[in-house]
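Undergrad: coords please:
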Amino acid sequence: MFTPKNYTLVATSDHRSENTFITIGWPAAASKNYAEAVAAATEQTNQSVGNQLLLTKQDNDQQAGSASFVLSPANAQAWVQYFTQALDEKAEPASAQATVAIVAPETVAQSFPEPAPPSAFQVAEVTANLQRYQQGSTEHIIITGPEPATKAGSLETFVAMCLLMNPANPLVASWLPAGINLQPMRALIEGKPHIIWSFSGDNDESKETLEILGSVAQAVVNIPETYSETEFEQVKKFAFSNLSRSHLAPDDLARFLAQYSVMGWGVDALLDMHRIDSLSLEDLAPAFAGLVYPIGAVLGIDLG
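TA: Okay, here's the model as predicted:
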């Protein structure tokens, strides 16, 4: 079986359509290079195998770029196999991680290996960092650190984020004084997956601000011991509902697989989403610890 060197390949079968759906995703930092490589590989494949594309679409935003193809059944397997190898030859070495996601009938999907573990680029060491600035009377603090999904689990980290940010019960906001905002986000920085904590508020006392951050981080770590099991069941339903959007149609699944891989969130969250039912709060402990690790690191506190 072909295993690419310069991007991650994810292939899964879907019986809902006879067509094959492909999405290629790449970090925005590498947008021009990968867009050109995809165009060149597509042209070469069409010339060698024949043009079987029913639809093409390209999207770009501040985080990532993508190109999506739909292939008719005729020669789909040959087209995909040729294209994936051509792209591997034309793409630059994985200094910025790209992903090819394929959702296809089993006869096409089975010719590709199981999803590979995260690339060396995705798990490259990311250090915790703090940036602080003032705008008028408002203080802003940005704390960044490594995305925890690789070590703590894709699904576990997704559910942990849903628990923290559930609109029906915004937990982080409930711990903050009035006028203070603190929000976790998952994003790419220079193409590498990060967790970002963004703080803002009218607060002139530096010590008090840092104490607030430290207390929130400790509260997050303590969630497995303090959170209601009944409320956790509701969080799991909310998380499952969110992940279910990726399975509405095969083209949606290909798009989400590419996005989750490029962003470092992990495709297991999508391919193994039914495991949510069996998750316990204790299973999420490494994810909670990983999410607030940057806060503890920059403040120099042991979160236990």
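Undergrad: which residues touch the residue lying closest to Asp272 once chain neighbours are set aside?
TA: Leaving aside its sequence neighbours, Asp272 sits nearest to Leu155 (Cβ to Cβ, 6 or more residues apart in numbering; 6.1 Å). For every residue, glycine as well, the C-beta is placed using N, CA and C. Shown in contact with Leu155 (Cβ atoms under 8 Å, 6 or more residues apart in numbering): 266, 268-269, 272-273, 275-276, 279.
Undergrad: which among those end up buried?
TA: Taking 16 or more other Cβ atoms under 10 Å as the criterion, what is buried in those is 266, 268-269, 273, 276, 279.
Undergrad: Check the offset of whichever strand or helix holds Ala269 from the chain's centre.
TA: Following DSSP states H and E, one finds Ala269 within helix 268-271. From the chain centre to the centre of helix 268-271 is a distance of 11 Å (Cα atoms, centre = their mean, to the nearest Å).
Undergrad: Name the residues that touch that helix?
TA: Counting by Cβ under 8 Å, 6+ apart, 12, 115, 149, 153-155, 157-158, 243, 246-247, 253, 256-257, 260 sit against helix 268-271.
Undergrad: Show me which of the buried ones among the contacts of Leu155 is closest to Glu229.
TA: Leu279 (11.7 Å; Cβ to Cβ).
Undergrad: Next, that closest one: phi, psi?
TA: Backbone torsions for Leu279, taken as degrees, to the nearest 10, come to phi -70, psi 140.
Undergrad: For it, which non-adjacent residue is spatially closest?
TA: Val159 (6.1 Å).
Undergrad: Near that neighbour, how many other residues are there?
TA: Val159: 28 surrounding residues under other Cβ atoms under 10 Å.
Undergrad: Shouldn't it be within a helix?
TA: Yes: Val159 forms part of a helix when assessed by DSSP: H, G, I helix; E, B strand; the rest coil.
Undergrad: Would you mind measuring from it to Ala149?
TA: 11 Å (Cβ to Cβ, to the nearest Å).
Undergrad: Quick check: neighbours shared by the two?
TA: Residues touching both Val159 and Ala149 by Cβ under 8 Å, 6+ apart: Ala287.
Undergrad: low-scoring pLDDT stretches of the stretch 101-250 of the chain, where are they?
TA: Residue ranges of the stretch 101-250 of the chain with pLDDT under 70: 115-124, 203-207.
Undergrad: C-terminal to the helix holding Ala269, what's the next element?
TA: Counting by DSSP H and E, the next helix or strand C-terminal to helix 268-271 is helix 285-299.
Undergrad: coming back round to it: top of the contacts of helix 268-271 by neighbour count?
TA: Busiest of those [other Cβ under 10 Å] is Ala149, holding 29 neighbours.
Undergrad: Quick check: closest non-adjacent residue to that one.
TA: Thr157 (4.2 Å).
Undergrad: swap in Glu229?
TA: Leu281 (7.2 Å).
Undergrad: hang on, the earlier thing: how far away is the residue nearest to Ala149 from Leu87?
TA: On the measure of Cβ to Cβ, Thr157 and Leu87 end up 29 Å apart.
Undergrad: I am finished for the moment; much appreciated.
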